[in-house]
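[1] Using only what follows, build the 3D model:
(one chain, ligands or ions: 1)
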Amino acid sequence: MKRIPLKQLVSFLDRELRLSEFPDDESANGLQVEGAGQVGKVGLAVDACDYVFREAAEQKTDILLVHHGLIWGGIRSVTGVMKKRIKTLLDADISLYACHLPLDWHPEHGNNSMILKALSIKRLGEFGEYHGKRIGCRGRLSGDLSLKEFALRVDKALNTKAVTIGLGKKVRNVGVVSGGGWSAIYDAEKLGIDTLLIGEPAHSAYTLAEEMQVNLVFAGHYATETLGVRAVGDLLRGRFGLDIAFIDHPTGL
Ligand SMILES: [Zn+2]
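    Numbering: from 1, shown residues only. This next block holds a predicted model:
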């Protein structure tokens, strides 16, 4: 197995994922827990949690790269669930690297760009202001689809069961915001986006969709956020020849 120093991997990721573009992210992006000094196997997951950590230990990974890390705004105490989680990592000498907003936004490896690709939507640009940055992606299908046809394409590409809110409008100009992010509907309306694909369903979005005449597709928070970490895994395999394992722990939400 090919191995590289942890330090080399971390500085490569920090740069490649452009962490410095999101200084206000609540997530402490970057290396959150330091494990072994040499890395041969990289685990990928959406959520930092005990199930994923135990699986990572079982699969003998040296570092875990996640979208939702353990540290948000700082550590107040290492007790209870936090103690258990960190202990599992430290006992197995596994590092934890988190990349939140930069991995939603990233033009090449980000969740939103990857979703457009997976749905064969031509990328036109960014939209959806969040923390001072347009974090979503927008694009155009090569032809009109009904909302039902589009939802089927989403289900297949993201391995999910999308919930839709539609008002009879065809799907052509699509905006994508992974995870939460339904408030991007305001920008979507301004830009003439007819269909907004987001992760988590939000009750408050219903009446806005109705009045703004924007179709909504809720594809699931988890399902919209597996593509970014997988893309980074592919990158690391290609660049450094590292062994990569995706650890799936779907929440169904
Ligand atoms: Zn998320």
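[2] can I assume D62 is in contact with E34?
    No - taking contacts as CB atoms under 8 Å, D62 lies outside contact range of E34: 11.2 Å. In this view, the C-beta of every residue, glycine as well, is placed from N, C-alpha and C.
[3] Looking at the two, which one has more neighbours?
    The residue with more neighbours, out of D62 and E34, is D62; 25 against 17, by other CB atoms under 10 Å.
[4] Contacts only, for the more buried one.
    Residues counted as contacts of D62 (CB atoms under 8 Å, 6 or more residues apart in numbering) are L6, G35, A36, Q38, V39, G40, K41, V42, D93, I94, S95.
[5] now do A219
    Taking CB under 8 Å, 6+ apart, we find A219 in contact with V154, L158, T160, A162, L197, I198, G199.
[6] and the first one, how far is that from V66?
    This points to V154. Separation of V154 from V66 (CB to CB, to the nearest Å): 24 Å.
[7] The second one now?
    L158 sits 18 Å away from V66, taking CB to CB as the criterion.
[8] Also the third one?
    Relative to V66, T160 is positioned 19 Å away (CB to CB).
[9] who's more crowded, these two?
    Applying other CB under 10 Å to T160 and V66 shows that V66 carries more neighbours, namely 27 against 21.
[10] secondary structure element for the residue nearest to A231 when sequence neighbours are not counted?
    Using CB to CB, 6 or more residues apart in numbering and skipping the chain neighbours, the partner closest in space to A231 is H109 (4.0 Å). Per DSSP states H and E, H109 falls between elements, in no helix or strand.
[11] show me what contacts H109?
    If a contact means CB under 8 Å, 6+ apart, then H109 has E16, L17, L103, G228, A231, V232, L235 as its contacts.
[12] The stretch 151-253 of the chain: strands as residue ranges?
    163-165, 171-176, 195-198, 215-218, 243-246 (DSSP state E, counting those that start in this stretch).
[13] name the helices or strands packed onto the second one?
    Spelled out, that is strand 171-176. Contact partners of strand 171-176 among helices and strands, from 3 or more CB pairs under 8 Å, 6 or more residues apart in numbering; DSSP states H and E: helix 111-118, strand 133-145, helix 147-158, strand 195-198.
[14] Show me the contact partners of it.
    Strand 171-176 is contacted by residues 112, 115-116, 119, 121, 127-128, 136-141, 143-147, 149-150, 184, 187-188, 191-198, 215, 224 when judged by CB under 8 Å, 6+ apart.
[15] Turn the strands of the stretch 151-253 of the chain into TSV, columns for mean pLDDT.
    What follows is the strands of the stretch 151-253 of the chain, written out as TSV (pLDDT from 0 to 100):
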stretch	mean pLDDT
strand 163-165	96
strand 171-176	98
strand 195-198	98
strand 215-218	97
strand 243-246	98
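[16] among those, which is nearest V52?
    Of all the strands of the stretch 151-253 of the chain, it is strand 243-246 that lies closest to V52, at 10.6 Å by CB to CB.
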